[in-house]
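> sequence below, structure please.
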Amino acid sequence: MKLVYFVLFSVLSRATSLIIKRPNVLLIMLDDLRPAINAFGDPKAITPNIDKLIKKGYYFTNVFAQQSICAPSRNSLLTGRRPDTIRLYDFYSYWREFASNFTTIPQYFKQNGYITHSIGKIFHPGVSSNYTDDYPLSWSNVPYHPSTEKYMNEPVCIDIPTGKLKKNLLCPVDLELQPENTLPDIQSTLAAKDFLQQRQNKTREPFLLAVGYHKPHIPFKFPSKYLKMHRTSKFRNQDPDYPPYGLPTVAWNSYLDVRSRDDVIALNISYPFGPIRDEMKLKIRQHYYAAVTYVDDLIGQLFEDVDFSNTIVILTSDHGWSLGEHAEWSKFSNYDVALKVPLIVYSPDIKTVPNNKIDKVVELLDIFPTLVDIAGLPPVTSCRDRIKAETCVEGKSLLSYITDPTCNDHPEEAFSQYPRPGTYPSVHPNSDKPKLYQITIMGYSIRTKQYRYTAWIGFDPSKFTRDWTKLYGEELYDHSIDPNENMNLAERPQLLEIKEHLNLRLQMKFC
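The predicted structure is shown next:
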């Protein structure tokens, strides 16, 4: 009997030691963050804490979201599936009930012995995550949401001329005058620090902590001190801030969420193509970058309690944000500026080299298999023909790009999409955020090293089918001569062969 106990004890001890050796994971997600980061090459950005993380790890400069809107992008990232697979293009369905019982990143880590915890905005709240942030399947305990989240879109911005409270786009604040004397991202940072401090003395089980910050998402509400760090003089109006010649109207993002704010309504901007005044353009850019500096400061406070010797850190965003490029603001398009996000990967087990910049074209849904590989968990399989399988991914692991910069295992392609209710911008239905039943057109987009091509085609939301014979518009941009996508070359006969090839790639991916 003693021998049996000894063998059992040895086995349990060995299993426990294996668990202890697993690294912890910190996943940081920002909201609407384009790569406005100093170490990414943006001189206007003040981001010292994110810059330090970049020096510790690796950063990807050509990462693209699968849809430039919150819920579809987040669910795609967290399940490793494309919006067409999870059948979510808006905020109003839950993939487990509407598509299939797909495994998520935190769920997979939980199944492999991790304590998983969500703080702030990771899944989009509401029906798209079953009003629970997918608890208890994804998380070990109830996700934390700041108590001040309920005030995020309330009239708490002081209008200087009148002293009245408004729902403004531009909203620097004094914390003492805010409800509960704080803001959601500050509360999330404190909750995350508390979690990390509590886990320091609990080494038996590794953890995956996901921290979701609301900023720099609008409204631009942050402590006013951060606005003073960014003068409007460094945000001179850029060139050009008008739509590319020949842009199909179906592609236009009319930024209705920005237009709905009280201070923007007061400008009386004509819909849908009327330009924002130059002075307001500068202020929007100033406030966006101030919001980024604010959240960078909070990330620095969070890092004070991170054990970098035993913690993998991933930092990214759900999609980008337009700051006047093509005369558009917000997201809701297939442009690079709306889809491109930062991705920073740090692991204590991967040695950092001086050239830690990776410019391969990759996708947000690649994070799932990458994180699994870096953590040393059993690899997740590629879905391929098993698209409805519970546990598989449509992305690829990026670990080989990190360990071997010359690696060319995968074609450099990123696929995205955006729905529209019609060919012309509209308020009703909202052409920026159409509901599923309103969608009649889907813009499928492919980004390669040199080109971005988008085909706006017929779409049936009741059957989730595509009609490639119904072509409502095309966009083609050559990044070798036009990195800001200001020249739509879709009608150039000299590029017909290239356009047809890219169209075929889209049809093969979204058949």
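
> how about the closest residue in space to F102 that isn't next to it in sequence, what does it touch?
Closest residue in space to F102, ignoring its immediate chain neighbours: T79 at 4.5 Å, by Cβ to Cβ, 6 or more residues apart in numbering. C-beta coordinates here come from the backbone N, C-alpha and C atoms, glycine included. Shown in contact with T79 (Cβ atoms under 8 Å, 6 or more residues apart in numbering): I86, W95, F102, T103, T104, I105, L365, F368.

> same question, P434
P434 touches Y89, D90, P419, R420, P421, counting by Cβ under 8 Å, 6+ apart.

> circling back to that earlier point, now do the residue nearest to F102, the pLDDT please.
pLDDT recorded at T79 is 98.

> do you know how far it is from P172?
From T79 across to P172, the span is 36 Å (Cβ to Cβ, to the nearest Å).

> equivalent analysis for Y288, please.
Noted for Y288: a distance of 12 Å to P172, by Cβ to Cβ.

> now D366
36 Å.

> neighbour count: the two, which is higher?
A direct count of neighbours by other Cβ atoms under 10 Å for D366 and P172 places D366 higher, at 26 against 21.

> a helix runs through that one, doesn't it?
Yes. Counting by DSSP: H, G, I helix; E, B strand; the rest coil, D366 is part of a helix.

> grab the nearest non-local neighbour of L339.
With Cβ to Cβ, 6+ apart as the criterion, L339 has its nearest non-adjacent residue at 4.6 Å, and that residue is F64.

> try L177
Per Cβ to Cβ, 6+ apart, closest to L177 is I158, 7.2 Å.

> next, that neighbour: phi, psi?
phi -80, psi 120 (degrees, to the nearest 10).

> let me know the pLDDT of it.
87.

> kindly report the same for the one 4 residues further on.
In this model, T162 is scored at 83, pLDDT.

> any idea how far A266 is from it?
T162 is 11 Å from A266, by Cβ to Cβ.

> which of those two has more residues huddled nearby?
A count of neighbours by other Cβ under 10 Å puts A266 above the other of T162 and A266, at 11 against 8.

> report the central residue of this protein.
D318 (0.9 Å; Cα atoms, centre = their mean).

> find the helix or strand that the closest residue to that one other than its chain neighbours is a member of.
Leaving aside its chain neighbours, D318 sits nearest to S73 (4.4 Å; criterion: Cβ to Cβ, 6+ apart). S73 is part of helix 70-79, with elements assigned from DSSP states H and E.

> chain center to that helix: distance?
8 Å (Cα atoms, centre = their mean, to the nearest Å).

> next: stretch 179-199.
22 Å.

> neighbouring contacts of that stretch?
Residues contacting stretch 179-199 (Cβ under 8 Å, 6+ apart): 24, 115, 117, 119-120, 144, 146-149, 151-152, 154, 156, 173, 175, 207, 209, 211-215, 221-223, 294-295, 298-299, 301-302, 304-307.

> cool, and stretch 452-465?
Counting by Cβ under 8 Å, 6+ apart, residues outside stretch 452-465 touching it are 84, 87, 248, 250-251, 334-336, 419-420, 436-446, 466-477, 479, 485, 490, 499, 502-503, 506.

> mind listing the helices for the chain?
2-21, 48-56, 70-79, 83-86, 95-98, 105-111, 184-199, 256-259, 262-265, 278-303, 336-339, 367-375, 399-403, 496-509 (DSSP state H).

> could you list the low-pLDDT ranges of this protein?
1-20, 202-203, 239 (pLDDT under 70).

> OK, contacts around Q200?
Q200 neighbours (Cβ under 8 Å, 6+ apart): D307.

> distance check, it against N141.
On the measure of Cβ to Cβ, Q200 and N141 end up 18 Å apart.

> same question for V427.
From V427 over to N141 (counting by Cβ to Cβ), the distance is 42 Å.

> buried set for the longest strand along the chain?
Ranked by residue count, the top strand of the chain under DSSP state E comes out as strand 465-478. For strand 465-478, the buried set under the neighbour-count rule, 16 or more other Cβ atoms under 10 Å, comprises R466, Y472, G473, E474, E475, L476, Y477, D478.

> about what we covered before: now do the phi/psi pair for the residue nearest to the centre of the chain.
phi -80, psi -30.

> could you list which of the contacts of P434 belong to strands?
Short answer: these in strands (DSSP E) are P419, R420.
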